[in-house]
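Asker: Build me a structure from this.
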Amino acid sequence: MYNEWSLDVFYKGMDDPALASDMAKLEKTVGEYKNAIATLSYDNVTKTLREIIDIKETITLLVRRLAGYFSLRRSANSSDSEVSAPQTKVQTLMAGLAKENTMFEAYVGKIEDLDAALDADEVLSQYKFYFGEIKEAVSHNMSDEAEDVFARMNISGGSSWGNLVTYVTSTLEVDYNGEKTTLPAIRGLAEHDDQAVRRAAYEAELASYAKIKDPVAFALNSIKAQVNTEAELRGYENPLAITLAQSRMKKETLDAMFEAMREYMPKFREYLKHKAKLLGHKNGLPWYDIFAPMGKADSHTFTAEEAHEYLVEHFGSFAPDLAEMVDEAFKNDWIDFYSRPGKSGGAFCSNLPFLKQSRILTNFSGSFGSVVTLAHELGHAYHGMMIQDHRPLNTGYTMPVAETASNFNELIIVNDAIAKSFGEEKVQLIESQIQDCTQIIVDIYSRFLFEDEVIRRRNKTFMFAKDLEEIMINAQKEAFGDALDPEYLHPYMWCCKSHYYRAGLSYYNFPYAFGGLFSRGLYAKFLEEGEDFLPKYRALLTATTVETVENVAGIAGIDLTDPTFWRKSLQLIADRIDEFIAETSK
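Answerer: Purely as a prediction, here's the structure:
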């Protein structure tokens, strides 16, 4: 306990007979699916749909167990060679179903009275939203043969390029103070209380990218070329249109959010310039001081055990079921805590609704920020708990709402801490919260601008590392304005952010802004409504897998296409910035 996660709930190891049995069952069921698709008939639509859904549910559960196990092992150890062959086998089996999946979607698209066919079966009736999305997506399908070829080529194309980036970044050795360290470790020094250490770490980090920037640049170019090709082949205007469709989100919602964000950029720049002044800088804040701690935090360093007690206590005052889940996560080894060579950097939560559990990877350092990170990832786990009773094909929520519960958790912890603090400790907590908001608003906006520019340019040209550096610097200047020192930006932010390297998921940046602002709007409603809000909150999270983003928000009475909602959330942050400036100007 309080060390590495346990994956025994999947399999006891690669030699577990259950793993071999599931692999064999997957192959068999894949064959059954292909046979069923080959004999599709409109004679009895309800019967046919139920047969296909039963098979698809079986395949889904097997793949989630097998692929989930392999992926989590590799996240904890990128050099885990045992999983490579079986992981590739599962990917190949699934890629081999692209043609059949397209045929099934085409079949569904031609059913005239789909609702009647679904209403005639208890299981199928639970999949109305699922089938509705299929109906909508059919118009963007390629031919059966093209879908098959595209899926197979992705294994050695976009997917492999993404695996390359994961490997080179997780194994990168950074030279620092005469020793070798990891990229996550050196990036963690950005929060060090000594400015000399922060600057040296920043310089060491930037220097280390020279070892990998060229292969990473080739990976980024290859992946973005693939997503551009896919958008064209599927008849989308651009990859952003694909992302919005995947997100179940209207362009009007994204535009409303960005409109409000741009209006509030001057307030964030005011905060950054004030922080620069406090730290003695005259030309704006250098990148290496963005995460510089302000004020004086409680010197206490959390052990994992103390983080366990702290989070259970604080969440208990909000929702007992959340506190109980957090307790289980710590006690039953859901969490992989500490940094080590070969382990992925950052943090994530993998929901396992078919097991009614989750797994959380973090690089816990003992700081209060590490505790907040745990709270964030446990929010994802709570979200997973809310959707675990859905049918197997109804458990996927989209990117924008993916950060709702996680950010809500953060607000519970940080706002409570701020309310109970005073003096220098209060300054530290407020600034830390503003710092996080600056990341999900301003920095995320710069990352969106970067990716958007790269995708557009990739239609015409190849971008070498120097080109990508220039695009990133320009994006940071547009988002941060004159708040940052132009001599100390971060030209390699594209190297260390894994979100750019997923061929099937572009623009994984704006959802962080959405989640941060959406959760603040929900938190404000919680403060207004108290316990009456909790049923709405749970219902909202449960609905995220079977509704559009706009309809999910409607459960709480929110219109996402109206910039007014986003302005209210941003004003909460602006008020914190004013509070911080006032506290540090005395």
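
Asker: going forward, measure contacts and count neighbours with C-alpha atoms only.
Answerer: Noted.

Asker: tally of neighbours for Thr461?
Answerer: For Thr461, the number of neighbouring residues by other C-alpha atoms under 10 Å comes to 11.

Asker: Could you measure from it over to Ala18?
Answerer: 49 Å (C-alpha to C-alpha, to the nearest Å).

Asker: go on, Tyr500?
Answerer: For Tyr500 relative to Ala18 (C-alpha to C-alpha), the value is 35 Å.

Asker: Among the two, which residue is more densely surrounded?
Answerer: Tyr500 (22 against 14).

Asker: Check the contact between that one and Ile455; I expect there is one.
Answerer: No. The pair Tyr500 and Ile455 does not pass the contact test of C-alpha atoms under 8 Å, sitting 10.6 Å apart.

Asker: Name the helix or strand of this structure that has the lowest mean pLDDT.
Answerer: Every helix and strand of the chain was ranked by mean pLDDT, DSSP states H and E. The lowest is helix 144-156, at a mean of 87.

Asker: mind checking the backbone torsions on Leu352?
Answerer: With angles defined as degrees, to the nearest 10, Leu352 sits at phi -130, psi 70.

Asker: Sketch out the low-pLDDT regions of the stretch 401-550 of the chain for me.
Answerer: Within the stretch 401-550 of the chain, no stretch has pLDDT under 70.

Asker: go again using 90 as the cut-off
Answerer: Within the stretch 401-550 of the chain, the stretches with pLDDT under 90 are 402-403, 417, 420-422, 432, 436, 521, 524-525, 527-528, 531.

Asker: which residue ranges form the helices in it?
Answerer: 404-419, 423-438, 444-458, 465-480, 493-496, 510-529, 533-543, 549-554 (DSSP state H, counting those that start in this stretch).

Asker: Redo those as CSV? Include mean neighbour count and distance to Leu172.
Answerer: Shown next, in CSV, are the helices of the stretch 401-550 of the chain (neighbours: other C-alpha atoms under 10 Å; distance: least, C-alpha to C-alpha, whole Å):
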stretch, mean neighbour count, distance to Leu172
helix 404-419, 20, 29
helix 423-438, 20, 26
helix 444-458, 20, 23
helix 465-480, 20, 17
helix 493-496, 20, 11
helix 510-529, 20, 27
helix 533-543, 18, 38
helix 549-554, 19, 38
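
Asker: so which of those comes closest to Arg74?
Answerer: helix 493-496 (17.8 Å; C-alpha to C-alpha).

Asker: helices and strands around that closest one, which ones?
Answerer: In terms of contacts (3 or more C-alpha pairs under 8 Å, 6 or more residues apart in numbering; DSSP states H and E), helix 493-496 is packed against helix 465-480.

Asker: what packs against the helix it packs on?
Answerer: So helix 465-480, by 3+ C-alpha pairs under 8 Å, 6+ apart, packs with helix 213-234, helix 251-278, helix 444-458, helix 493-496.

Asker: Out of those helices, which gets nearest to Gly504?
Answerer: When the helices and strands packed on helix 465-480 are compared (using C-alpha to C-alpha), the closest one is helix 213-234, at 7.5 Å.

Asker: thinking again about what came up before, can you list the buried residues in the very next helix or strand once past the least confident helix or strand of the chain?
Answerer: Next in sequence after helix 144-156, counting helices and strands by DSSP states H and E, comes helix 158-170. Judged by neighbour count (16 or more other C-alpha atoms under 10 Å), helix 158-170 contains these buried residues: 158-162, 164-170.
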